[in-house]
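>>> what would the 3D arrangement of this be:
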Amino acid sequence: MAAGNLFDDKPRKDAVTRFLADPGHHLLIAYLDEAPVGFVSGVEVTHPDKGTEMFLYELGVDSGHRHHGIGTALVEKLAELAKSKGCYGMWVLVDDENAAAAATYRKARGDVESQPLMFSWRF
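Okay, here's the model as predicted:
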């Protein structure tokens with residue numbers, strides 16, 4: 001909850017509790033002088049014929065702390081965690097216009113596989 005300013009919206013206590021209670025959900029937070037300056041969240045996704053991979057759900061770095069390697073370090077730590085949990089890989093979707101995110105994922109040694117379409121359902 002103390003890192004709430006890093007998220008798109010104010011974290012909801014019930015959602016935070018549910019997210020953190022699931023052993024396949026991960027939230028890593030970067031601190032500078034005991035203040036949260038960045039986070040990455042990941043979700044282990046298992047499919048019957050593929051095994052388990054890590055979905056990099058979201059990455060956020062405080063605007064005053066960008067371009068210092070915090071995002072790259074968080075992505076690399078999530079990749080290390082994924083490997084330690086037995087995941088065969090990790091993936092993320094990035095909007096075409098989000099050049100900063102794409103640069104961060106490239107610096108963290110991610111490979112561009114495709115330019116996917118994303119379909120969503122809102123309930």
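>>> state the number of residues packed around the residue nearest to residue 108 when sequence neighbours are not counted.
Closest residue in space to residue 108, ignoring its immediate chain neighbours: residue 75 at 3.9 Å, by Cβ to Cβ, 6 or more residues apart in numbering. Bear in mind the C-beta positions are built from the backbone N, C-alpha and C, glycine included. Using other Cβ atoms under 10 Å, the number of residues around residue 75 comes to 24.
>>> give the next helix or strand downstream of the longest strand anywhere in the chain.
In the chain, assigned by DSSP state E, the strand with the most residues is strand 35-47. Past strand 35-47, further along toward the C-terminus, the next helix or strand under DSSP states H and E is strand 51-61.
>>> for residue 68, grab the count of nearby residues.
Using other Cβ under 10 Å, residue 68 has 14 neighbouring residues.
>>> part of a helix, is it?
No - for residue 68, which was evaluated using DSSP: H, G, I helix; E, B strand; the rest coil, the result is coil, with no helix membership.
>>> list phi and psi for residue 115.
Backbone dihedrals for residue 115, given as degrees, to the nearest 10, come out at phi -110, psi 80.
>>> how about it: what's its closest non-neighbour residue?
Beyond its immediate neighbours in the sequence, the residue positioned closest to residue 115 (Cβ to Cβ, 6+ apart) is residue 96, lying 7.0 Å away.
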